[in-house]
Each structure stands twice: as C-alpha cells, then as structure tokens.
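Visitor: here is my input, please return the structure:
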Amino acid sequence: MAGNMFEVTDQSFEKDVLQSDQPVLVDFWAAWCGPCRMIAPTVEALAKEYAGKAKVAKMNVDDNQLTPSQYNIRGIPTLLLFKGGRVQEQLVGAAGRDVIENMIKKHL
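Guide: Next up is the predicted model:
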C-alpha cells in the first residue's frame, strides 16, 4: 500500500478517521471485487497527491463488518469522505479520477 495510504479497521476507525484533523477518504473494498481493484490505482495516486492535506484509508469489508454496517455500506466499492468526524460525501461504484478528486478538493 502506498505510504500515504493506510488500512483502517473497526478498532482503529474512530481514532484514524473520525478524530482526524484532516479530511479522510475511506475506500470500502474487498479483494474479490473487480471494480474495487479497478479504482485502486487512482485512489493510491490521489493519496500521494494530497499527502499532508487529506488522508486516504482502505477498509476491507470482509475483515471488518461493524463499521460498514454502521454506515449502511451495501455495495462496493464505496468511497466515503469524512471531515470533522462526519460523512460529507458518498460515492458508490467505480468512478473516474476527476469525480474522486473533486470529492477531496471540495473539503480541503
């Protein structure tokens, strides 16, 4: 995983995402999900590009089921952008770089 990207778990979610002083884009994904693998390089590139301004986290929904259920994650990939401990934006399904980048830019 890229240096500016990190794995978040049910246990670390509150500290790493909800209490973050920067916006956090969380990619809910699974290894078997084709569209998840398709957007992964884009999400990693954005993590590098916005390092120091926003954080990018990945949560494997197979390994962590509590948090996805709390946020009603029904399909993957789902991207949620958190700022100040609250969901600001949600994107379900594979999307282009411009759409994902705009999610981040709006909340810097």
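
Visitor: what about Cys33, distance to Thr78?
Guide: Counting by C-beta to C-beta, to the nearest Å, the separation of Cys33 from Thr78 is 10 Å. Yep, even glycine has a C-beta here, placed from its N, CA and C like the rest.

Visitor: for this protein, what spans make up the helices?
Guide: Counting by DSSP state H, the segments of the chain that form helices are 13, 34-49, 66-70, 97-105.

Visitor: which of the ones you listed sits most buried?
Guide: Most buried of those by mean neighbour count (mean count of other C-beta atoms under 10 Å) is helix 13; its value is a mean of 21.

Visitor: give the burial count for Leu91, as a bare number.
Guide: Look at Leu91: counted by other C-beta atoms under 10 Å, it has 18 neighbours.

Visitor: what sits against it?
Guide: 78-79, 99-100, 103 (C-beta atoms under 8 Å, 6 or more residues apart in numbering).

Visitor: now do 10 Å
Guide: 25, 27, 39, 77-81, 99-100, 102-103 (C-beta atoms under 10 Å, 6 or more residues apart in numbering).
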